[in-house]
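In: Quick one, structure for this:
(one chain, ligands or ions: 1)
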Amino acid sequence: MGTIKLDIEKTFNFISKGAVDAYKDKVASCMELLEKGTGKGSDFLGWLHLPSSIDEEQINSIKATAKRLQENCDYVVVAGIGGSYLGARAVIESMVNCFQHLMPSNGIPTILFAGHNIGEDYLYELTSFLKDKKFGIINISKSGTTTETALAFRLLKKQCEDQRGKEEAKQVIVAVTDARKGAARITADKEGYESYTIPDNVGGRFSVLTPVGLLPIAVAGIDIAAFVKGAKDAEITCGQGVPFWNNPAAVYAATRNELYKQGKKIEILVNFQPKLHYVMEWWKQLYGESEGKENKGIFPAAVDFSTDLHSMGQWIQEGERSIFETVISVEQTNHTLKVPSDSANLDGLNFLAGKRIDEVNKMAELGTQLAHVDGNVPNIHVVIEKLDEYTIGQLLYFFEKACGISGYLLDVNPFNQPGVEAYKKNMFALLNKPGYEEESKEIQQKL
Ligand code: PA5
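Out: Reported below is the predicted structural model:
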């Protein structure tokens, strides 16, 4: 099976190969810090060898729970936010049929998401839709106290119990949370929900290969064993002993740090396959939360091409030259569709008749790359074989490993996120949460 290929040739008009090569020793030291657990944030390195630690028993247990939810639910709502949401959504949306939710049921529940916003209309429309539907809930929160998720779960739990009765609801509500603490754990134990534990040493954005990601992914009918296998193989190809130029995680981390040093402050992750949209969202969190601190860090942005070539394309081609692109290129599609011939040819597209849609897409991709490089946008190319479980597993682990290395190259702690607390403190103060009396007084004076 193919592995991830990384091509950085199209950055060499802007940085030299020698400059990337010069990172060899630094990257080796960062890898050593990760392996030995002697770097910043070393309490959160559980993701590093997670894929190879997952055994058949864990996979089978998750599959059994998934089967129960599949048999008893037409819809499963995954409640979670940030790292407790994006990994599952990234994998599910890149794997399932784009129109599955509009198709007749095939025994696989449609996965819906909640707890990742505080939109009253969103929650109203979701709960209205679920009226009289057979739905279950996977409540995912490591802390067990995240407001967005807890609010959604409170609404959904009540609705599920009202519609099914308390006993039946217990069969279709599953918690994924801390082993001991937090409201989600306490509720799960009190109500007798089946639950999975998020390891203490795996932070949210690195948790897609724990039950946080694996359970919803399995419920969506996706082969989690193949997904884990892909990640496990990437653990080897991105591993410590692999020579620098053969190690895609090492080269990616070095290249993006060198580009950053040379003034490219924004990295735009690009796809030409709309099913990868949520992989981009997952990646933005991974890199944004890991590196954006101490007034440093590349700003991670993302676009879906060719859709966004008709919106952001102008800026990318001719705006401020502070960007570089990382394009995820998918070699093969899963289906074949050819352009039909049309006798009137009013749209002038008969020159494409008989060609695959993907051939057109590939030329859009190549044309865009050449145009953007001509427009002074360095281009990193990440090539994957196709969209399947194995490959996505590889891709996500590759990005995780590169992120750990890259954060250490930047000399930050890639595994904490102190900055996300500020808005929560203000929100609680504004809402007069008990325990926030002083903060409430202070914030009122600022209004
Ligand atoms: O990466 C992170 O740690 C965050 O994005 C969290 O995953 C997110 O805030 C959700 O936290 P929790 O799982 O505690 O509800």
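In: Where does the stretch 51-200 of the chain get nearest to the ligand, residue-wise?
Out: With C-beta to the nearest ligand atom as the measure, Gly82 is the residue of the stretch 51-200 of the chain nearest to the ligand, at 2.3 Å. In short, each C-beta sits where N, CA and C put it, glycine included.
In: Whichever residue of the stretch 301-447 of the chain sits closest to the ligand: neighbour count?
Out: Nearest to the ligand, among the residues of the stretch 301-447 of the chain, is Gln417, at 5.4 Å (C-beta to the nearest ligand atom). By the measure other C-beta atoms under 10 Å, the count of residues near Gln417 is 19.
In: Thought Glu289 was touching it, still the case?
Out: Yes: judged on C-beta atoms under 8 Å, Gln417 makes contact with Glu289 at a distance of 4.6 Å.
In: show me where the stretch 51-200 of the chain has strands.
Out: Counting by DSSP state E, counting those that start in this stretch, one finds strands in the stretch 51-200 of the chain at the ranges 75-79, 110-114, 135-141, 173-177, 194-197.
In: want to throw those into a markdown table with mean pLDDT and mean neighbour count?
Out: Shown next, in a markdown table, are the strands of the stretch 51-200 of the chain (pLDDT from 0 to 100; neighbours: other C-beta atoms under 10 Å):
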| stretch | mean pLDDT | mean neighbour count |
| --- | --- | --- |
| strand 75-79 | 98 | 26 |
| strand 110-114 | 97 | 22 |
| strand 135-141 | 98 | 28 |
| strand 173-177 | 98 | 27 |
| strand 194-197 | 98 | 19 |
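In: want to throw these into CSV with distance to the ligand?
Out: Below are the strands of the stretch 51-200 of the chain laid out as CSV (distance: least, C-beta to the nearest ligand atom, whole Å):
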stretch, distance to the ligand
strand 75-79, 9
strand 110-114, 13
strand 135-141, 3
strand 173-177, 8
strand 194-197, 13
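In: give me the number of residues near the residue of the stretch 101-250 of the chain found nearest the ligand?
Out: Nearest residue of the stretch 101-250 of the chain to the ligand (C-beta to the nearest ligand atom) works out as Gly204 at 2.2 Å. By other C-beta under 10 Å, 28 other residues sit near Gly204.
In: residues in contact with it?
Out: 82-84, 142, 212 (C-beta atoms under 8 Å, 6 or more residues apart in numbering).
In: what about 10 Å?
Out: Counting by C-beta atoms under 10 Å, 6 or more residues apart in numbering, Gly204 touches 44, 80-87, 140-143, 146, 198, 210, 212, 285-286, 289, 417, 420.
In: Am I right that Lys63 is in contact with Pro211?
Out: No: using C-beta atoms under 10 Å, Lys63 is not in contact with Pro211; the gap is 11.5 Å.
In: coming back round to it: which residue, other than its chain neighbours, is closest to the residue of the stretch 51-200 of the chain closest to the ligand?
Out: Leaving out its chain neighbours, the residue that sits closest to Gly82 by C-beta to C-beta, 6 or more residues apart in numbering is Gly204, at 5.4 Å.
In: Show me which residues of the protein are close to the ligand?
Out: Selection of the chain residues close to the ligand by C-beta under 6 Å from any ligand atom yields 81-84, 141-143, 146, 149, 203-205, 289, 417.
In: May I see the ChimeraX selection of the buried members of those?
Out: Here is the ChimeraX command that picks out the buried ones among the residues of the chain next to the ligand, judged by 16 or more other C-beta atoms under 10 Å:
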select :81,82,83,84,141,142,143,146,149,203,204,205,289,417
